[in-house]
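Asker: Model the following, please.
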Amino acid sequence: MVNSPKTPTGKAKKGQVTIRPDGACIKACFPRSPFPGEKNQVKKATGISLVDGWEDKADNLQRRLQIELDEGKLTSPSGMFILKRFNEILVEYKLRADLRIVESAVTSSGQLPPRPELSTLEIWDMYCEYKKNRDLAITTYHQEFRGVYYRAIKQAIEAVGENNPLGVHNWLLENRNHKTAKEVLSQLSKAYRIAMKQKLVSIDLYDGMSEDIQVKRKPKVINQSDDIDSDSDILDRTKAYTWDEVQIILDYVQMNCPHWFNYLKFKFLTGCRPGEAAGLWWNDVKWEHENIVFDRSYDYRLGIHKPTKNEHARIFPMPKDGELWKLLKSIPQGEPNDTVFKSKSGKKISSHIFQTTWLGREKSQKGIITELIRQGKLSKYLPPYNTRHTFINHQINDVGIAPHIVNDWCEHSEKVSKQCYRQTDARVVPGYGKLATSNQQVQQQSELDLLKERLRQHQEQMEEMRKLLQDRDNLKS
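Answerer: Numbers count the residues shown, from 1 in each chain. All right, here's what the predicted structure looks like:
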């Protein structure tokens with residue numbers, strides 16, 4: 001029984017583990033419940049070689065994994081998959097060497113323990129898990145290592161065969177661009193070197209394979225319509241709209257595409273990144289503390305949540321009955337883990353779809369900004385990401401809030417973010433529009449007048465003291 005019992009539709013029963021060939025590997029296919037963040041079914045390499053008799057090994061392993069899953073030994077108390085336990089079972093069945101890095105893998109007799117036969121894809125799977133748990137961003141893990149690189153390796157091996165590194169090298173150069181070919185071969189070599197340290201392979205088949213590949217780097221040309229997710233020019237006022245222009249944009253959106261109004265206004269009022277707005281949950285809106293916590297970002301391409309760009313939560317002030325407070329109060333509140341901003345169809349926000357709404361299509365759809373430019377109400381096009389530029393520039397240059405405080409709200413400057421001595425005054429809150437700027441100027445003028453009055457009083461006291469001293473000197477004489 002390699003595969004689990006199936007339903008009349010031919011699919012495995014819900015909650016069942018199956019073990020079956022997947023390309024050149026035999027993989028364990030798990031139900032979705034222990035992997036809530038994964039878009040597709042999760043498959044793990046088993047170490048079983050695709051040779052005669054593999055079905056018996058797979059059958060035994062499948063039964064063991066199913067028992068462990070049913071008894072809750074393969075999942076944590078919160079229901080998440082325990083990779084360490086899965087690897088321990090493979091070691092127990094002698095399908096994989098112990099993955100823990102030890103000082104020596106030799107036996108008491110001085111001989112290396114039996115080494116399982118691992119395919120290139122199995123080594124790659126182990127390497128991906130190694131990288132994922134250390135220094136690899138979740139988006140890079142899915143898009144590159146589990147996506148582009150994995151497909152290239154798999155197709156190359158299917159075309160030229162296993163243990164044919166030169167054939168893989170040539171196939172990649174013929175079927176992929178040089179940049180991808182070089183990166184795949186370089187990462188394969190790293191994967192084999194780690195496997196060598198763990199005594200799983202004896203040599204690095206791809207050692208030096210990437211060194212002869214030259215990559216010509218063309219200067220990147222940025223089109224005006226590109227949505228650049230970067231804070232490199234965040235303080236450039238030419239890359240921001242004025243607050244009057246913000247109101248023009250919001251008025252147009254409220255009239256012509258109202259389902260985007262709350263999402264767009266929130267971005268203008270907070271300067272958050274698109275993924276942070278799309279990933280906001282109601283649990284992140286702290287009414288009692290009058291603030292919002294930005295704790296995650298949503299990647300629409302992978303359909304997953306991930307940490308914010310700086311990988312830690314930050315707090316944004318939301319004064320009671322202020323503009324931001326009223327905006328969120330106007331939205332029907334959901335459950336704690338419900339998304340605050342949703343698309344017209346009730347799904348999670350896709351910044352790609354909003355980009356189309358913002359820019360429009362040449363013939364079939366008017367864009368928010370392109371239409372306002374056509375009407376003469378705006379003079380320039382800026383990408384949706386520049387709502388962030390607009391907020392930051394408005395707070396610093398118009399309202400007059402100190403740059404380090406604005407950075408505490410938005411974390412647009414890594415250099416400032418790392419200054420551990422920085423203490424933000426929690427009483428400072430964002431200001432919006434001409435009224436906020438006017439109030440700030442009035443406050444600054446009042447403080448200046450108070451200083452002038454204190455200086456005048458001090459001068460009068462000094463003058464009185466001078467006269468007293470002079471009168472005393474006259475009496476003595």
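
Asker: what's the neighbour count on the nearest residue to Arg314 once chain neighbours are set aside?
Answerer: Leaving aside its sequence neighbours, Arg314 sits nearest to Phe294 (CB to CB, 6 or more residues apart in numbering; 5.3 Å). Using the backbone N, CA and C atoms, a C-beta is placed for each residue, glycine as well. By other CB atoms under 10 Å, 24 other residues sit near Phe294.

Asker: Quick check: Phe294 touching Pro307?
Answerer: No: counting by CB atoms under 8 Å, Phe294 stays clear of Pro307, with 10.3 Å between them.

Asker: Verify the stated contact: Cys272 with Trp409.
Answerer: No: with contact defined as CB under 8 Å, Cys272 and Trp409 do not form a contacting pair (9.0 Å).

Asker: circling back: so what does the residue nearest to Arg314 have for phi and psi?
Answerer: Taking degrees, to the nearest 10, you get phi -90, psi 110 for the backbone angles of Phe294.

Asker: That one: what's it in contact with?
Answerer: 272, 276, 280, 284, 308, 313-316 (CB atoms under 8 Å, 6 or more residues apart in numbering).

Asker: Show me those residues that map onto strands.
Answerer: Assigned to strands by DSSP state E, the following of those qualify: 314-316.

Asker: Closest to Asn393 out of the contacts of Phe294?
Answerer: Distances from Asn393 to the contacts of Phe294, taken as CB to CB, are shortest for Cys272 (15.0 Å).

Asker: show me what contacts the closest one?
Answerer: Listed by CB under 8 Å, 6+ apart, the contact partners of Cys272 are 266, 294, 316, 388, 410.

Asker: Just checking: the least confident one among those is which?
Answerer: Among the contacts of Cys272, Cys410 carries the lowest pLDDT, at 89.

Asker: so what are the domain limits for this protein?
Answerer: Per automatic domain parsing, the structural domains of the chain span 1-96, 106-218, 237-431.

Asker: Make a PyMOL selection of the buried ones in the contacts of Phe294.
Answerer: Buried residues among these (16 or more other CB atoms under 10 Å), as a PyMOL selection:
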select buried, resi 272+276+280+284+308+314+315+316
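
Asker: Reformat the contacts of Phe294 as CSV; add distance to Ala181.
Answerer: Formatted as CSV, those follow (distance: CB to CB, whole Å):
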residue, distance to Ala181
Cys272, 38
Glu276, 35
Leu280, 40
Asp284, 43
Thr308, 33
Ala313, 40
Arg314, 40
Ile315, 45
Phe316, 44
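
Asker: Low-confidence regions, the stretch 301-450 of the chain specifically.
Answerer: For the stretch 301-450 of the chain, the stretches flagged by pLDDT under 70 are 362-364, 414-427, 434-450.

Asker: next one: phi and psi at the residue nearest the centre of the chain?
Answerer: Against the mean C-alpha coordinate of the chain, by CA atoms, centre = their mean, the closest residue is Lys306 at 4.6 Å. When read as degrees, to the nearest 10, the backbone of Lys306 gives phi -140, psi 170.

Asker: what about it, distance to Leu121?
Answerer: 26 Å (CB to CB, to the nearest Å).

Asker: And for Asp408?
Answerer: The spacing between Asp408 and Leu121, counted by CB to CB, is 46 Å.

Asker: go on, Gly279?
Answerer: Separation of Gly279 from Leu121 (CB to CB) stands at 33 Å.

Asker: again with Asn164
Answerer: From Asn164 to Leu121 the distance is 13 Å (CB to CB).

Asker: Okay, now the unreliable bits of the stretch 101-250 of the chain?
Answerer: Applying pLDDT under 70 to the stretch 101-250 of the chain picks out residues 101-117, 135, 217-230.

Asker: Strands along the stretch 201-350 of the chain, start to end?
Answerer: All strands of the stretch 201-350 of the chain, identified by DSSP state E, counting those that start in this stretch, fall at 285-286, 291-294, 297-299, 304-306, 314-317.
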